[in-house]
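Engineer: just to be clear, the model below is a prediction. Sequence and coordinates:
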Amino acid sequence: MRAVLFDMDGTLVDSEKLWDISLTALYERHGGIMTPEVRASLVGGSAEDTIHTVYTDLGLALDPDAMAESIRWLHDYTGELFDGGLPWCDGARELLEALAAERTPMALVTNTQRQLTERALNSIGKHYFSVSVCGDEVPRGKPAPDAYRRAATLLGLEPAACLAVEDSVTGTAAAESAGCPVLVVPNDVEVPAGGRRAHVSSLSRIGVADLRQVYDRLSRGIGERSA
């Protein structure tokens, strides 16, 4: 394990609860109500995929200008919530501290756009990460592998040398497609088992040695079987 690549929303910080607020407000702005099923489908998605789903669900015309404006509005609203402080997921900060102490390179790999990610990093701490890759900096966001491949490249590593830590179906698919073994810490949505992934319920009792054991096991092909 040469590096660890972390997702942000729902993995390091419990920001999905704040996205719940802003997405609900977006629906209300258009006279609609967001269902739990639609909300679950949006977890881990890119801004473009999110707005496409929202507009389709609301029966709105897929007008590029209107959709771009909705992305700006949603991110401005969410940014104000982020500025109020982001709650850490259990054990996440302690794990970052432990990895930093032994100088293991870390990357932040998120579908969130750069402008909003920078506001989140003011709360998380930029100093933990050697590099960060955002959804608007790659040709395709998660579930495509582009962001994870770019993060590994920026670190001078192959994806297979990096352990990804994810909470969503979308993010896990992206990391696996890039070639990373994945530690899955589900947040609001269940993530199925798979051969290149291991599941834990929380990062609260996970240390660096545990990460290395997970990486070694997955790299040898000893992963979970799909249900």
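Structural biologist: Cool, the structure landed. Since the structure is predicted, the reported quantities are computational estimates derived from the model, not experimental observations.

Engineer: which residues touch the host helix or strand of V214?
Structural biologist: Here V214 sits within helix 208-219, counting by DSSP states H and E. Helix 208-219 is contacted from outside by 1, 4, 95, 98-99, 102, 104, 160, 163, 181-183, 196-198, 223, using Cβ atoms under 8 Å, 6 or more residues apart in numbering. Where you see a C-beta, it was placed from the backbone N, CA and C, and this is true even at glycine.

Engineer: so of those, which ones are in strands?
Structural biologist: Among the contacts of helix 208-219, the ones falling in strands (DSSP state E) are 4, 163, 182-183, 197-198.

Engineer: by neighbours, which of the contacts of helix 208-219 wins?
Structural biologist: Highest neighbour count within the contacts of helix 208-219, by other Cβ atoms under 10 Å: V182, with 29 neighbours.

Engineer: of the ones in strands among the contacts of helix 208-219, just say which sits nearest to G85.
Structural biologist: Of all the ones in strands among the contacts of helix 208-219, G85 sits closest to V4, with 24.2 Å by Cβ to Cβ.

Engineer: my read is that the closest one contacts L99, right?
Structural biologist: Yes - applying Cβ atoms under 8 Å as the test, V4 and L99 come out as touching, 6.0 Å apart.

Engineer: what is in contact with those two at once?
Structural biologist: Common neighbours of V4 and L99 are listed as 106, 211 (criterion: Cβ under 8 Å, 6+ apart).

Engineer: got any ranges where this structure has weak pLDDT?
Structural biologist: 222-227 (pLDDT under 70).

Engineer: please enumerate the helices of it.
Structural biologist: 16-29, 36-42, 47-58, 64-83, 92-101, 114-124, 146-154, 169-178, 208-219 (DSSP state H).

Engineer: got the buried residues for the fifth one?
Structural biologist: Across helix 92-101, burial judged by 16 or more other Cβ atoms under 10 Å covers 92-93, 95-96, 98-99.

Engineer: what's in contact with it?
Structural biologist: With contact meaning Cβ under 8 Å, 6+ apart, helix 92-101 is reached by 4, 6, 11-13, 106, 125, 127-128, 203-204, 206-208, 211.

Engineer: so which of those residues is the closest to R119?
Structural biologist: Closest to R119 out of those is V13 (11.6 Å), distances taken as Cβ to Cβ.

Engineer: which residues sit in contact with that closest one?
Structural biologist: Contacts for V13 (Cβ under 8 Å, 6+ apart) come out as 86-89, 92, 120, 123-124.

Engineer: run the last query once more with 6 Å
Structural biologist: Residues near V13 by Cβ atoms under 6 Å, 6 or more residues apart in numbering: 86, 88.

Engineer: and the spatially most central residue of the chain, how far from A174?
Structural biologist: The centroid of the chain falls nearest to D7 when counting by Cα atoms, centre = their mean (3.5 Å). Distance, D7 to A174, using Cβ to Cβ, to the nearest Å: 9 Å.

Engineer: can you add distance to A66 and give the buried residues of helix 92-101 back as TSV?
Structural biologist: Listed next are the buried residues of helix 92-101 as TSV, based on distance: Cβ to Cβ, whole Å:
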residue	distance to A66
A92	36
R93	39
L95	41
L96	39
A98	46
L99	42
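
Engineer: okay, now L23: neighbour count?
Structural biologist: By other Cβ under 10 Å, the residues close to L23 number 20.

Engineer: related to what we said a few turns ago, for the helices of the chain, which one ends up most surrounded?
Structural biologist: Greatest average neighbour count among the helices of the chain goes to helix 169-178 (a mean of 25), per mean count of other Cβ atoms under 10 Å.

Engineer: thank you kindly, that will do.
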